[in-house]
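Peer 1: Predicted model and sequence follow; I will ask about them next.
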Amino acid sequence: MRIAKVFAVLVILLALGTVAVAEGGQVLLNAAGATFPYPIYSKWFDQYHQAHPNVQINYQSIGSGGGIRQLLDKTVDFGASDGPMNDDQLKQASVPILHFPTVLGAAIPSYNVQGVGGDLNFTPEALSGIFLGKITKWNDPAIASVNPGVKLPGDDIVVVHRSDGSGTTYIWTDYLSKVSPEWQTKVGKATSVNWPVGLGGKGNEGVSALVQQTPGAIGYIELIYAIQNHMPYGKVKNAAGMFVKADLAGVSAAAAAAAKAMPDDFRVSITNPPDNKAAYPIASFTWLLIPEKFSDATKRDVVKDFLKWMMTDGQASCEALAYAKLPKEVVAKEMKAIAKIQ
Amino acid sequence: MATTPNAATPAELGWSPQALLRRLRGADEIAHLITFIAAATLLLITVLLVFQLWTHSAESRAKFGWSFFVTKTWDPVAGDFGALPFIYGTLVTSAVALVIAVPLGVGAAIFLAELAPPKLSSSLTFVSDLLAAVPSVIYGLLGVFLLVPVMRTTIQPALKSTLGFLPLFKGPAYGIGFLTAGIVLAIMVVPFVLSVSREVLLAVPRDQREAALALGATKWESTWKVVVPAARIGIFGSVFLALARALGETMAVTMVVGNNPIISGSLFSPGYSIAAVLANEFSEATGNLYLSALIELGLVLFLLTFVLNGLARLLILVTTARGSGVLPS
């Protein structure tokens, strides 16, 4: 009997609790996708929740592929991806999907060459040659000619790449595809590719461990990881002919350079942008994938408000977490695009 | 799915409501029902698993057919997928692991069960059980930061200078690759071999040892010629358990295997395993064919485990028929 009473009380309490929540206009949004922007997204969703206690956004960082699939299956309200959705995927969606760039990421070349510190210069030809397996020695003229005064050993080059599917790989292969026609036809760009040479390390930590341990190794690493771990890395020659060492400003500059030719759907690659001396060439946006139509008006308004907040106040949190901010040209264009959400 | 000798068909059980109720009055029947449900659930889970893998890999099966098993390419960009390098890598790393782990584990089990003082035996067993509980990512990290540098600077050059004439030990020493992955796997599966083998050895009746000793056998002769053969089936069982663990291990392998789908006769070469590529690529796999091919790889791993287990059982049958017939009950 006593158990029955306790149970009854519990049920009543629970029912009351549900009503109270419903009266408060609680909005719960589910999202899933890319892992690379997860730290900034979770910070944003938390800050937004502090400012709007009735809104809770639940983000699962299951990877870009999973985010796109869940969005197409409609198991989440919106998705997130490190690479834009392709036309086939967009066709599969029952509601048109809009892309909204949120922050920027970049990949840097990290290496381990005996007697050589940071700041080694790399041309696009050298990087594509190395990753195609055509340049195999560190003292190859393609590397030595742009590094006068640096004594390069004749060691074998050991290429290290990411083994897990990743947005960083997408940025890196997108860049190599743009600067090397041979890479474009032989390998292409994707979150995982068929690498011509090299060892695979799992995650940024796996690649950096392999690079640091293996003499003669070169690998690409997410800029944020390199900054947070104080790793030395090389400069890359941009389309304007300048050797640029990646930093957050250089990445934003690349985005600003690409903003002029930005298509209306924001599905744009900003690797190797033209005519900007400060731009770091191996960078990319990461996107939120938002359905154009919401059946639930409350959810729609929350999403629109969140996007506005993210592009204004939200951007202030970027640099503390080592993400490059959106340039103001892109923000202005995105603000207009929010109106498309119905 | 072992059936008890007195297992009844539903008809015999009398599954009409009244009959069931009448039967349920006996505690035996209730126990029977509960354990039957437990066993049936296991079977159901396995069937569902295969069914899911089968249906979700339809696109890949339709496109590649049997050539999936013999194609060497894995190109997500071009949509060209083959499982051969992954099957090869899975088999090679697991084989290396067993070659190292079985002598080590069985040897240690014989020592602990037969020769060591009881106190030492139980404390060492405790340590080995602890090893089995360490998460695999820890083994992977230890592999990357401790084993890989030692492999590159010491072990691989040493192997090269002594056994370098064998094709197994050729090529540049990166520190990672089949051999390193096999060693890490061996460390991970030794506790399984040790723990199960020791229990089985301890379960061999005392009379058999005493009979052997009474016939004039030395302590070692009684252990090696009587106790170990008697425990053979259990020891095989421990090896299969270890093999299953090695085939399916993901995290520790991917961290040290080099993750490059190539087929090379050299153990120094980087490679890839099925479980590792699934863990690496599944989350970012966009495109239906890509996803479908990854799921088919899961199916292949399931098949591989199934076939190897079948072969193992066959091995038991053959060796038991030929053996002395001394078996633990």
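Peer 2: That came in fine, so what should we check first?

Peer 1: which residue sits closest to A:Val244 in space, ignoring its chain neighbours?
Peer 2: With sequence-adjacent residues excluded and distances taken as Cβ to Cβ, 6 or more residues apart in numbering or on different chains, A:Val244 is closest to A:Tyr280, at 4.9 Å. To be clear about C-beta, it is placed using only N, CA and C from the backbone, and glycine gets the same treatment.

Peer 1: Quick check: the gap between the one you found and A:Leu248.
Peer 2: According to Cβ to Cβ, to the nearest Å, A:Tyr280 stands 9 Å off from A:Leu248.

Peer 1: The two: who's more crowded?
Peer 2: Between A:Tyr280 and A:Leu248, A:Tyr280 has the larger neighbour count (other Cβ atoms under 10 Å in any protein chain shown), namely 29 against 19.

Peer 1: Quickly note the distance from that one to A:Pro232.
Peer 2: From A:Tyr280 to A:Pro232 the distance is 16 Å (Cβ to Cβ).

Peer 1: Tell me how many other residues crowd the nearest residue to A:Leu90 once chain neighbours are set aside.
Peer 2: Leaving aside its sequence neighbours, A:Leu90 sits nearest to A:Ile97 (Cβ to Cβ, 6+ apart; 6.0 Å). By other Cβ under 10 Å, the residues close to A:Ile97 number 22.

Peer 1: ok, A:Ile97 - contacts?
Peer 2: Contact analysis of A:Ile97 by Cβ atoms under 8 Å, 6 or more residues apart in numbering or on different chains lists A:71, A:79, A:85, A:90, A:289-292.

Peer 1: Then B:Leu314?
Peer 2: Contacts of B:Leu314 by Cβ under 8 Å, 6+ apart: none found.

Peer 1: Which strand or helix spans it?
Peer 2: helix B:288-322 (DSSP states H and E).

Peer 1: Can you name every helix or strand that the helix or strand where B:Phe36 lies contacts?
Peer 2: Element membership for B:Phe36, per DSSP H and E: helix B:27-56. Using 3 or more Cβ pairs under 8 Å, 6 or more residues apart in numbering or on different chains; DSSP states H and E, the elements in contact with helix B:27-56 are helix B:17-24, helix B:288-322.

Peer 1: change it to 10 Å
Peer 2: For helix B:27-56, the elements it packs on are helix B:10-13, helix B:17-24, helix B:288-322, judged by 3 or more Cβ pairs under 10 Å, 6 or more residues apart in numbering or on different chains; DSSP states H and E.

Peer 1: Say whether chain A is contacted by stretch B:296-310.
Peer 2: No. Using Cβ under 10 Å from any Cβ of the partner chain, stretch B:296-310 never reaches chain A; the gap is at least 13.2 Å.

Peer 1: Next, count neighbours for A:Asp301.
Peer 2: A:Asp301, neighbours per other Cβ under 10 Å, totals 13.

Peer 1: wait, doesn't it sit right on A:His52?
Peer 2: No. Contact criterion Cβ atoms under 10 Å: A:Asp301 and A:His52 do not qualify, at 11.0 Å.

Peer 1: Return every residue with contacts to both of those two.
Peer 2: A:Val27 (Cβ atoms under 10 Å, 6 or more residues apart in numbering or on different chains).

Peer 1: Sort out which one of the contacts of A:Ile97 lies nearest B:Leu194 for me.
Peer 2: A:Gly79 (47.3 Å; Cβ to Cβ).

Peer 1: Near the closest one, how many other residues are there?
Peer 2: A:Gly79, neighbours per other Cβ under 10 Å, totals 26.

Peer 1: if I've got this straight, it is in a strand?
Peer 2: Yes. Under DSSP: H, G, I helix; E, B strand; the rest coil, A:Gly79 falls within a strand.

Peer 1: Please report how far the residue of the stretch 1-150 of chain A found nearest chain B lies from A:Lys260.
Peer 2: Distance from chain B to each residue of the stretch 1-150 of chain A (Cβ to the nearest Cβ) is smallest for A:Gly63, at 3.0 Å. From A:Gly63 over to A:Lys260 the distance is 32 Å, taken as Cβ to Cβ.

Peer 1: Who has more neighbours out of those two?
Peer 2: A:Gly63 (28 against 11).

Peer 1: secondary structure class for the nearest residue to the more buried one once chain neighbours are set aside?
Peer 2: For A:Gly63, ignoring the flanking residues on the chain, the nearest one in space by Cβ to Cβ, 6+ apart is B:Ser283 at 3.0 Å. At B:Ser283 the chain is in coil, as set by three-state DSSP.

Peer 1: right, and B:Ser283 touches A:Gln70 too?
Peer 2: No. Using Cβ under 10 Å, B:Ser283 makes no contact with A:Gln70, being 11.6 Å away.

Peer 1: what residues do these two have in common as contacts?
Peer 2: Common neighbours of B:Ser283 and A:Gln70 (Cβ under 10 Å, 6+ apart) are A:Ile62.

Peer 1: what do A:Tyr280 and A:Leu248 both touch?
Peer 2: Contacts common to A:Tyr280 and A:Leu248, judged by Cβ under 10 Å, 6+ apart, are A:104, A:106, A:223, A:324.

Peer 1: Could you save these as a markdown table and add columns showing neighbour count, distance to chain B and pLDDT?
Peer 2: Below are the shared contacts of A:Tyr280 and A:Leu248 laid out as a markdown table (neighbours: other Cβ atoms under 10 Å in any protein chain shown; distance: Cβ to the nearest Cβ, whole Å; pLDDT from 0 to 100):
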| residue | neighbour count | distance to chain B | pLDDT |
| --- | --- | --- | --- |
| A:Leu104 | 26 | 19 | 91 |
| A:Ala106 | 30 | 18 | 91 |
| A:Leu223 | 28 | 19 | 91 |
| A:Ala324 | 26 | 22 | 89 |
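
Peer 1: Go through the residues you listed and flag which are in strands.
Peer 2: A:104, A:106 (DSSP state E).

Peer 1: Mind telling me the two of the shared contacts of A:Tyr280 and A:Leu248 farthest from one another?
Peer 2: A:Leu104 and A:Leu223 (9.1 Å).

Peer 1: which residues do the two both contact?
Peer 2: A:171, A:248, A:251, A:280, A:283, A:323-324.
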